[in-house]
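Asker: Task: produce atomic coordinates for the following.
(chains A, B, C and D, ligands or ions: 4)
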There are 4 protein chains.
Amino acid sequence: MLTTPGPGAQSVVEFEQIARARLPGEVWDFVAGGSGAETTLAANRAALDRVALVPRAMGDLSGRHTGTDLFGVRAAMPAAIAPIAYQRLVHPDGELALARAAKRAGIPFTVSTMSSTPLEQVAEVGGTTWFQLYPLRDREQSRDLVRRAEAAGCAALMVTVDVPWMARRLRDVRNEFTVPAHVSAANFTDSSAAAGARQAVVGDSAVAAHTAATFAAFTWPDLTELRRAASIPLIVKGILDPRDAAKAISLGADAVVVSNHGGRQLDGAIASADAVTAVREAVGDRGTVLFDSGIRSGLDIMRALTLGADAVLIGRPALWGLAADGEAGADRVLGLFHQEFAEALGLAGCPDPAAARTLTIWRGSV
Amino acid sequence: MLTTPGPGAQSVVEFEQIARARLPGEVWDFVAGGSGAETTLAANRAALDRVALVPRAMGDLSGRHTGTDLFGVRAAMPAAIAPIAYQRLVHPDGELALARAAKRAGIPFTVSTMSSTPLEQVAEVGGTTWFQLYPLRDREQSRDLVRRAEAAGCAALMVTVDVPWMARRLRDVRNEFTVPAHVSAANFTDSSAAAGARQAVVGDSAVAAHTAATFAAFTWPDLTELRRAASIPLIVKGILDPRDAAKAISLGADAVVVSNHGGRQLDGAIASADAVTAVREAVGDRGTVLFDSGIRSGLDIMRALTLGADAVLIGRPALWGLAADGEAGADRVLGLFHQEFAEALGLAGCPDPAAARTLTIWRGSV
Amino acid sequence: MLTTPGPGAQSVVEFEQIARARLPGEVWDFVAGGSGAETTLAANRAALDRVALVPRAMGDLSGRHTGTDLFGVRAAMPAAIAPIAYQRLVHPDGELALARAAKRAGIPFTVSTMSSTPLEQVAEVGGTTWFQLYPLRDREQSRDLVRRAEAAGCAALMVTVDVPWMARRLRDVRNEFTVPAHVSAANFTDSSAAAGARQAVVGDSAVAAHTAATFAAFTWPDLTELRRAASIPLIVKGILDPRDAAKAISLGADAVVVSNHGGRQLDGAIASADAVTAVREAVGDRGTVLFDSGIRSGLDIMRALTLGADAVLIGRPALWGLAADGEAGADRVLGLFHQEFAEALGLAGCPDPAAARTLTIWRGSV
Amino acid sequence: MLTTPGPGAQSVVEFEQIARARLPGEVWDFVAGGSGAETTLAANRAALDRVALVPRAMGDLSGRHTGTDLFGVRAAMPAAIAPIAYQRLVHPDGELALARAAKRAGIPFTVSTMSSTPLEQVAEVGGTTWFQLYPLRDREQSRDLVRRAEAAGCAALMVTVDVPWMARRLRDVRNEFTVPAHVSAANFTDSSAAAGARQAVVGDSAVAAHTAATFAAFTWPDLTELRRAASIPLIVKGILDPRDAAKAISLGADAVVVSNHGGRQLDGAIASADAVTAVREAVGDRGTVLFDSGIRSGLDIMRALTLGADAVLIGRPALWGLAADGEAGADRVLGLFHQEFAEALGLAGCPDPAAARTLTIWRGSV
Ligand SMILES: Cc1cc2nc3c(=O)[nH]c(=O)nc-3n(C[C@H](O)[C@H](O)[C@H](O)COP(=O)(O)O)c2cc1C
Ligand SMILES: Cc1cc2nc3c(=O)[nH]c(=O)nc-3n(C[C@H](O)[C@H](O)[C@H](O)COP(=O)(O)O)c2cc1C
Ligand SMILES: Cc1cc2nc3c(=O)[nH]c(=O)nc-3n(C[C@H](O)[C@H](O)[C@H](O)COP(=O)(O)O)c2cc1C
Ligand SMILES: Cc1cc2nc3c(=O)[nH]c(=O)nc-3n(C[C@H](O)[C@H](O)[C@H](O)COP(=O)(O)O)c2cc1C
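Answerer: Ligands and ions are numbered 1, 2, ... in the order given. Purely as a prediction, here's the structure:
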């Protein structure tokens, strides 16, 4: 069994087993698990696996590159690190290590509301930082987070709209999962709020319980208000219906993330790969379409682009790298993503990411 | 292996193994089995599993609830307990326990013609009780049952039209299954009729043999007559073809149940989840469309509603709860159904059950 | 493991394992095997399994029956025994036993050109006998067989057009399969012809080698000639393309058998269940459409009818019964087919076989 | 387990295990492997397996044959040996043995740029020889190869356009695969070039590293130039998009090979069997459509023709035969292909390969 990270692993997916071997069982479950029967978790992969590409031949690839502009900032490839809570759960260096790896890889890092490192410290790493907002019951606290993110120089604000509360993730419920003592919600200045997910709850996940107590519903008027309040680009994360995508853009959002939260919210939700094309059609060129849930290789990035996305968010695989070997592990994972994507792009005959949109798709060969 | 019910089980489906461990093999087979090669039994699940939902975002869920009116009576969720024969087979408290659990959960309980507790005793539990009629060869006996049901205050009459005789359920045939001495068809006042399914039959299921001797064919004219005879809402159970649904409604039925009897009658019949949408289209808003066969989670209730149903009947899972721990087990199963359904409804962005009908469906991601 | 036939087996398919346990390995392989990679053999089942039916409710079934007219003769159900060579391979009573069982079951028995009992002896059994012709290189011998069949009172002539030579059935080739000394091609008066498939061939099946030496191609002009020569109803067996079906009928054939020879000729051929509907459309009501390849239960008969067939041929399952217990085993298999079919027909709401054609089909639930 | 080749194996696919048992693990991996997650490698088979044919009956097959003209030269069946590098890896007789077997089988042999025997020696074998060109960075060297091929009497020039560099084949990368000392790129006169793939590379495949250093991108203008430079028929290998096929033909190519390089280049590319029909439609009768990637039996050749190809290239299976028993093993494999194809063609009712195009296809029975 593969247990040493680094040069031994030759593809992103190999890091899953490495991470699993390194992490305590309940932390692994927290990372890997989905909600309910994990139907959507499985569907995310099945839907991507069914997407085959028709490559083009003999095009001029002499100037080929993988770079993409995301909200006016150049990224080395059409990808960013997804917002992921409590990264110190899997490695002591947590968000800082992953943000550094993202910077080195030339892609944005999204710091979560539930970061285990204060957003300001993450922003100091100096790459492109995006801030992800979970709307809180305490609206003033929400507004404060947005102001802090802008002040820290975050390049975009990503509001997550698919977590009015955390769905029942049965692994965590069964494990009565609690965030350990050395990990806290570091963006919360109030120490009891910061400690929230550390209070054990009989027969429930402490994270879910804390979320239920803290998070707020977020409605269309809230979006309008947030749009007005924020001066940086606004990304709405957790959209699957094209009608919602069009409305978000028309209310001033710059982007949507087609996402089912990695199969962690509504179990039974459509796979992102089945949803993204209709969203792209609804958005047209009036906004940016990001994609997450299931991305595990450079080929998957290609698939998402061909299906209509402008770029993807990398979720669990980034954590696998971090868990495997801290910053070096994250470097390796992001390096493999870049290598795999560059190869897939070139072999498909595309000089740049935008060209992926012109490829034909075939569904269902496997 | 899970053998203790209650707080340990975190989803409805876990009760299946608990019940299996508790029940004698042949009782388990009677509950779990289907007819023939159990093709339809398997198809019921496969068809539901293929239904993915496209959730909506940022709607106003402040007044969200799971309540539904069923024939003018409020139910706490769009569900009722399906008619299930001989419930004392799986637990000494039988129908009374399950009816009490249903009452506590705020949903109707359907008492079967083949109940092992007299319908009047069940009705005394005091929740909403529906009576399920198996048309009998002895037409007077049939009429008598209807009169008793009305007299006992049953809120609806459900006539089952897919059992002219019991299909060959090979598990029962092989087990030469017999209802044990302490269980009888308690609605039958004639003691030999009540004992019918207790007479062992070589090479056959005693239940099937008894059914063959007792049940009658039921035709369209019989429906008209029954409609005239009954003063309470009339539900026709066991409809899969939209033409039959439309005709039943036009002859005065208030509702149909899209059902293949849980894969226990025509093996090879279409899965309910594949049939319900066309039935809904045929019925329009002229009647209520109920759904059963394969419902195993709150997500499945959501799926059925999104496909076009107004509410579902809960079949085997209710028995699992009853078998696992009597009334407490049934409470837990119904509680989990409610919890799972409320979560799925909310995470799909629906303020109430009716809103599920506006969601888009995607088939085939898994 | 099931090894005793008779009352123990409760469905047709259980006889497969019983027969397998009774037969020498190479005889089993000869019966069970298909050609090439056995792709079509598997597809026959997969295609039938995908066919779900939408049953009708509350129709008048008071006069229900399973009888069907086949070329003016009443059959107890829409089925006949398929032509099967060398039946004494699996039981000493061979064709006589199976013909007697067919007579008792009230369905036609088709005697093969390669029968191990002379066709006249089979015809003497006295049920409805059909004769199956393999066109032979020796055209006079072919004509003689037809004359003998008519003289013996055969009620129909079935010409098999999908065996210009026997396809490579790798099991037989590997087994260097030879028909044993006590079995001969009893319709052949010339003793060396009768012994043909008994000559061992290194690295090949003796049956195939014999076939290659004896059988003739059969073309459209041959069909016209045969139509003229024969005075009894003419059935063309081995049709899959609707264009061929229409042409055969227009040249005077009374029926076609939609068949891929049980997956024993062209490996890679379409499953019969995928082919029959288009054939029925091409034939309309100008001829009879029979179906074989994969029929294993009464439900399968229903499926074939609903897909457009008028009746089916029962192939391997009849041999399983014969192998299991001679005439009694065959009786049991045919009895189960009848019981299963009658139940499926009734539970689907059909008063008679013809009504199956009005049911709606759903594909792909499993 | 089968380990002896020759008469024991009764179908092409059996040679896979024989070869595997004979070859060193890393050579086996080099032959069998695909790129990335081997998605396309698997899809090639899945897509072919789903193709069922509707055979025709009673046609006149008296003059039936399997011959085909390929660029004005008669081939015994619609097939040629695909270009395969370094054949001495699997057997000391390498290209010469396979070329002799191809000659005996009456089909063209394609000698690869990366042949381990000089193209002139292969051409001397005397059957139909095609030369496959990998465009090289050193353009003069490329031109020289073309001139040598023409001078040696090669009957066609096949330019491979899907290998700007070798894709990451993870088996080879993990094995740090190196071509052994006794095998060289024998077409290269410069001895260091010839030795290229023998230099071990830490953490990479030596073949891939050598390719990356040597091969050139090949664009549409390069095709025009090559067309002008070569006087023999020009085949473009590695086309999947119909637009590229049409353009290649309109620029003067005589043929395209619909190919994903046996799943060895873009992982995630469409299966050839899913791509070929659209390519045939785009090409019409203005050029020849060849097919490779996944052909494993005579039935597969039939499938490819029915889908629209004029002929196929045989890849790995030819190597299996060579590995199993040198020239004799290759003879046996090609003999089986011929036997299987002739049988499939005849049983489908086709007098010749061209007739396969008139068959109807059914997808998805298995
Ligand atoms: C351990 C974990 C923590 C997460 N935390 C957050 C979060 O704090 N905020 C958020 O918007 N999404 C969060 N997500 C969801 C991710 O942003 C992303 O949508 C998801 O991981 C994508 O699916 P994938 O992991 O299958 O690629 C989290 C996901 C995981 C696995
Ligand atoms: C053990 C058992 C007994 C049943 N008894 C009756 C009955 O008496 N009357 C009736 O109409 N349906 C009866 N049914 C069918 C149910 O009402 C319902 O249609 C079916 O259970 C739904 O499928 P599910 O169990 O897969 O959810 C019975 C089902 C089971 C499993
Ligand atoms: C052992 C065996 C022998 C057969 N012999 C004949 C035959 O002599 N003539 C013929 O037309 N078909 C013959 N068939 C084909 C059957 O008539 C029929 O088409 C086939 O068995 C149907 O498929 P099934 O067995 O899957 O139901 C034979 C089939 C088997 C299995
Ligand atoms: C070991 C090996 C070496 C190959 N070398 C070449 C080559 O030198 N040039 C080329 O154009 N294709 C090469 N190919 C690809 C084949 O020409 C062909 O496209 C492929 O093998 C077809 O897929 P199949 O093996 O699944 O039939 C090679 C394939 C294999 C397996």
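Asker: Tell me the pLDDT of the closest residue to ligand 4 within the stretch 1-150 of chain A.
Answerer: Using Cβ to the nearest ligand atom, the closest approach of the stretch 1-150 of chain A to ligand 4 is made by A:A57 at 13.0 Å. Any C-beta I mention is one placed from the backbone N, CA and C, and that applies to glycine too. pLDDT recorded at A:A57 is 98.
Asker: Check the residue nearest to A:L133 when sequence neighbours are not counted and give its pLDDT.
Answerer: Sequence neighbours aside, A:V159 is the residue nearest to A:L133 in space, at 4.7 Å (criterion: Cβ to Cβ, 6 or more residues apart in numbering or on different chains). At A:V159, the pLDDT value in this model is 98.
Asker: how about A:V279, what does it touch?
Answerer: Residues near A:V279 by Cβ atoms under 8 Å, 6 or more residues apart in numbering or on different chains: A:I239, A:L240, A:P242, A:A245, A:V256, A:V258, A:V289, A:G308.
Asker: Quick check on the last one: phi, psi?
Answerer: Backbone torsions for A:G308, taken as degrees, to the nearest 10, come to phi 130, psi -10.
Asker: tell me the contacts of whichever residue of the stretch 151-300 of chain A sits closest to ligand 4?
Answerer: The nearest approach of the stretch 151-300 of chain A to ligand 4 comes at A:L299, 19.3 Å away (Cβ to the nearest ligand atom). By Cβ under 8 Å, 6+ apart, A:L299 lies in contact with A:E340, A:F341, A:A344, D:G36, D:A37, D:T39, D:D267, D:G268.
Asker: can you tell if the helix or strand where it lies touches ligand 1?
Answerer: Counting by DSSP states H and E, the element that carries A:L299 is helix A:298-307. No: Helix A:298-307 lies out of reach of ligand 1 by Cβ under 6 Å from any ligand atom, never closer than 9.0 Å.
Asker: Give the buried residues for the next helix-or-strand element following that helix.
Answerer: Per DSSP H and E, the first helix or strand lying C-terminal to helix A:298-307 is strand A:311-314. Neighbour counts using 16 or more other Cβ atoms under 10 Å in any protein chain shown place A:A311, A:V312, A:L313, A:I314 of strand A:311-314 among the buried residues.
Asker: Contacts for stretch A:96-103, please.
Answerer: A:80-81, A:87, A:91, A:108-109, A:111, A:117, A:121-122, A:125-129, A:318-319, A:321-322, A:326-327, A:330-331, A:333-334.
Asker: pLDDT averaged over it - what is it?
Answerer: 98.
Asker: How far off centre is it?
Answerer: Centroid separation for stretch A:96-103 versus its chain: 14 Å, with Cα atoms, centre = their mean, to the nearest Å.
Asker: With stretch A:53-60 instead?
Answerer: That offset, for stretch A:53-60, works out to 30 Å (Cα atoms, centre = their mean).
Asker: who's in contact with it?
Answerer: A:302-303, A:306, A:347-351, A:358-362, D:161-162, D:218-220, D:222-223, D:236, D:238-241, D:243-244, D:248, D:266, D:268-270, D:275.
Asker: got the CA coordinates for that stretch in PDB?
Answerer: This file holds the C-alpha atoms of stretch A:53-60, laid out as PDB (Å, rounded to 0.1, in the frame of the first residue of the first chain):
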ATOM      1  CA  LEU A  53     -14.100  14.300 -25.200                       C
ATOM      2  CA  VAL A  54     -13.600  14.400 -29.000                       C
ATOM      3  CA  PRO A  55     -10.100  15.800 -29.400                       C
ATOM      4  CA  ARG A  56      -9.100  18.000 -32.400                       C
ATOM      5  CA  ALA A  57      -6.100  17.300 -34.600                       C
ATOM      6  CA  MET A  58      -3.300  19.300 -36.200                       C
ATOM      7  CA  GLY A  59      -4.200  22.700 -34.800                       C
ATOM      8  CA  ASP A  60      -1.500  25.200 -34.100                       C
END
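Asker: That stretch: which residues count as buried?
Answerer: In stretch A:53-60, the ones that count as buried by 16+ other Cβ under 10 Å are A:L53, A:V54, A:P55, A:R56, A:A57, A:M58, A:G59.
Asker: So what pairs up with the second one in the strands?
Answerer: What that stands for is A:V54. Beta bridges link A:V54 to A:T360, judged by DSSP bridges.
Asker: And it, what's its pLDDT?
Answerer: 98.
Asker: if we can go back for a sec, of the buried residues of strand A:311-314, which is the nearest to A:A32?
Answerer: A:I314 (15.4 Å; Cβ to Cβ).
Asker: wait, what's in contact with that closest one?
Answerer: When contacts are counted by Cβ under 8 Å, 6+ apart, A:I314 is found next to A:A79, A:A80, A:I81, A:A82, A:D292, A:I295, A:L334, A:F337.
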